[in-house]
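Peer 1: Let's see this in three dimensions:
(chains A and B)
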Amino acid sequence: MSLRSAVAHRNLLYLLTLKELRTRYRKSILGWAWSLLNPISQMIIFSIIFLAIFGGKAPRSSSSGIENFPLYFLSGLLPFQFVSISVGASIGSVQGGASLIKKVAFPHEHLVLSIVFAQLVTVCIELLVLSASFLLFGHFMFQWLIPMALLLVLISLFTTGIALALSAANVFFHDINYLWGIASQILFYASPIIWVVGQVGNEAINTYAPWGPTGAFVTASHQILYQGVFPSLERWGYIAVWSLAVFGLGAWFFNRLSPRFAEEI
Amino acid sequence: MGPLLNSQAGTALTVDNVTKTFRIHHERASSLKQYIASGGRNRYEEFFALRDVSFDVAEGEAVGIIGHNGSGKSTLLKCMAKILTPNQGRIEIHKKMAALLELGAGFHQELSGRDNVFLNASILGMGRKEITTRFDEIVEFSGLGDFIESPVKTYSSGMYVRLAFAVAINVDPELLLIDEILAVGDVTFQKKCMEKFVDFRTQGRTLVLVTHDAYTVREFCDRAIWLDHGVVRRDGDPADIVDEYTETMLGAETTDGAEATRRGDGRIQVTRTELLVGGIPVDRFRNGDDVTIRLHWEAPEPVAQPVFSVTIASLAGAAVTEPSTRDVGMVPESLVGSGHVDVSFAAVPLVASRYVLHTEITGWGRQQVYDHLQNAQTFDVIAGVTNETHGLVTMHPTWSASSGT
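Peer 2: Residues are numbered from 1 along each chain as shown, chains lettered A, B, ... in the order given. You can find the predicted model right below:
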């Protein structure tokens, strides 16, 4: 679909996103609370593993002096989960829109974009809650949400690129979902989320993990939210190029395959 | 998609040498393992759904596309609707187009009718303001009233279809593509839909209708396009094309009737039946024709007072007529050997459809069945003196009208 028709259908994108948000927690008793309970439960589990079992030590925030592993953990986990959940939910979205794709002409990418947008709304709420938690520990960091917003834009581009490519590929090969399950596990542990750069004995890991496919985002997010430091221009540039490249490739791949969706699904 | 502005005067739609093929996969790899195992190749055959199809639709025309199942008519419609992409050729849409291939495509069960109106209308390409302006009209047309706030999953199928149609028709296209959806909802709602379509036509908008129902095309369209195995076979006046199409379709289907079954003690049997028009055996004829049914019989031993009867019934099983030789006092004392019995009907008043013939030979009292041949033959009646399509027979109606002032 051309960019023009995608823009002409922007109302559809808005409504699909709204539908995504409205129907996500239908029939669940706790409803929207799940979007907060989920990261909180992970935070508790991983904090116990990190602090009690492995005897790890939370890094010290250079600006606020906070040494709090749960906050450090969430600062990295939230942007990472935005990527992994968005992509995971997107993979089946083209396949799931089969009845629509076969009967109506519309920009197929909106099926994917609506999921990323809905997830973006979720992560924004989660970040507000996290910022409030920082306040609980006596650290005011709401002003840091501004650079965080810029970072989220770049992460969204990256996420959309991966989601477009994988959802299109999934029309042809249904094992993409399982492959992503493995890939996102690897990315999770390869990014400094439940571990701290410098506390690992391996110099290569300490050097390269902060520049990994998702490690670069996670590190930037740590710097902004937890450290209260503006990431280096070098890092911003690296993330921008990387995100735009992934987005461009994913969109190109999706557009190439999308004319065949209606007959292949 | 949105309106294209390079509007050619008078042409709503151009289909130019369109060819569409599908791949018929023998062993479709749907996992990477299979794909790699098969050496990265999926074995498939090319199937031509459309081959070099070309035509223009003028502004304000109502075009009916007919064809048997698998003729490519739905593929053509999907290509025109930009759902499928042709392999060759091009399709140009010069007007604001809406395609109704399925009512309620994209309806979400958990959302309210209101939310679904917005969602569905935006899928069909409407902007937010446009929907808001038309919302009341849509609800009014659907007749749903306060139910519009309830989740769609609580709707009856009738309500569902009504809402879906209301949205679709209010997209307000200049060119409407429709696939077999005229018959939705109850009679009142159908009437409302037909009125909307008639409005549509009188406003000079363009309509392309894909259907297997030749009757709709004849009544409703001013041009018919007959697709046969992906090729345009005829294009022109609906009355001619529909007749020819119907005849061909019926001709191709004569052998698919139910199998003949026989009961009775068999001392005399009908060996064969024939349908004769002007002395020539046929398997279809026009209503108004004079038709003779000939029953060939065989009796090895003498049979006393055999009564011959035939039943002409609709495929649904309703008997239209059931004359017997006893009705006219034409019962011989005895029959032996072989011969035939004819029964003739003058100016057969059956409406165009398919019928089935049963034969029976009984004793005088009609209690003892010598031979009953169920489904001895099926035959088709096509439109001749009457174009009626409903009911079983024509009573040669004469209509007149007057109106008070």
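
Peer 1: And the closest residue in space to B:Gly278 that isn't next to it in sequence, how far from A:Ala89?
Peer 2: Nearest in space to B:Gly278, with sequence neighbours left out and distances taken as Cβ to Cβ, 6 or more residues apart in numbering or on different chains, is B:Asp290 at 7.7 Å. Heads up, the C-betas are built off the backbone N, CA and C, glycines and all. For B:Asp290, the distance to A:Ala89 equals 71 Å [Cβ to Cβ, to the nearest Å].

Peer 1: before we move on, what about B:Pro306?
Peer 2: Applying Cβ to Cβ to B:Pro306 and A:Ala89 gives a distance of 78 Å.

Peer 1: more neighbours, the two?
Peer 2: Set B:Pro306 next to A:Ala89 and count neighbours by other Cβ atoms under 10 Å in any protein chain shown: B:Pro306 wins out with 23 against 19.

Peer 1: just checking, the more buried one touches B:Gly365?
Peer 2: No. With contact defined as Cβ atoms under 8 Å, B:Pro306 does not reach B:Gly365; the gap is 11.8 Å.

Peer 1: residues contacting the residue nearest to B:Ile241 when sequence neighbours are not counted?
Peer 2: Distance criterion Cβ to Cβ, 6+ apart; nearest residue to B:Ile241, sequence neighbours excluded, is B:Ala224 at 4.2 Å. Applying Cβ atoms under 8 Å, 6 or more residues apart in numbering or on different chains, we find B:Ala224 in contact with B:63-66, B:217-218, B:234-238, B:241-242, B:245.

Peer 1: so where do the strands sit in the stretch 301-405 of chain B?
Peer 2: Using DSSP state E, counting those that start in this stretch, the strands of the stretch 301-405 of chain B run over B:307-314, B:319-321, B:334-345, B:353-362, B:369-382.

Peer 1: Can you say which of the ones you listed is nearest to A:Phe188?
Peer 2: strand B:353-362 (66.6 Å; Cβ to Cβ).

Peer 1: Model confidence at the closest residue to chain A within the stretch 201-350 of chain B, what's the number?
Peer 2: Chain A sits closest to B:Val210 of the stretch 201-350 of chain B, with a gap of 13.3 Å, by Cβ to the nearest Cβ. Note on B:Val210: pLDDT of 88.

Peer 1: Quick check: pLDDT value at B:Phe118.
Peer 2: Residue-level confidence at B:Phe118 comes out at 89, pLDDT.

Peer 1: sorry, that was for B:Tyr370
Peer 2: Model confidence at B:Tyr370 (pLDDT) stands at 90.

Peer 1: List the contacts of it.
Peer 2: B:Tyr370 touches B:Gly264, B:Asp265, B:Gly266, B:Arg267, B:Ile268, B:Gln269, B:Val303, B:Pro306, B:Ile361, B:Thr362, B:Gly363, counting by Cβ under 8 Å, 6+ apart.

Peer 1: So which bits of stretch A:145-155 are buried?
Peer 2: The neighbour-count check on stretch A:145-155 (16 or more other Cβ atoms under 10 Å in any protein chain shown) flags A:Leu145, A:Pro147, A:Met148, A:Leu151, A:Leu152, A:Leu154, A:Ile155 as buried.

Peer 1: In the chain, what residue spans correspond to helices?
Peer 2: In the absence of a named chain, this looks at chain A. A:3-8, A:10-24, A:34-47, A:69-91, A:93-96, A:98-103, A:109-136, A:145-172, A:176-190, A:203-208, A:215-221, A:233-257, A:261-264 (DSSP state H).

Peer 1: wrong one, I was asking about chain B
Peer 2: B:32-37, B:73-80, B:113-123, B:128-142, B:157-169, B:187-202, B:214-220, B:238-253.
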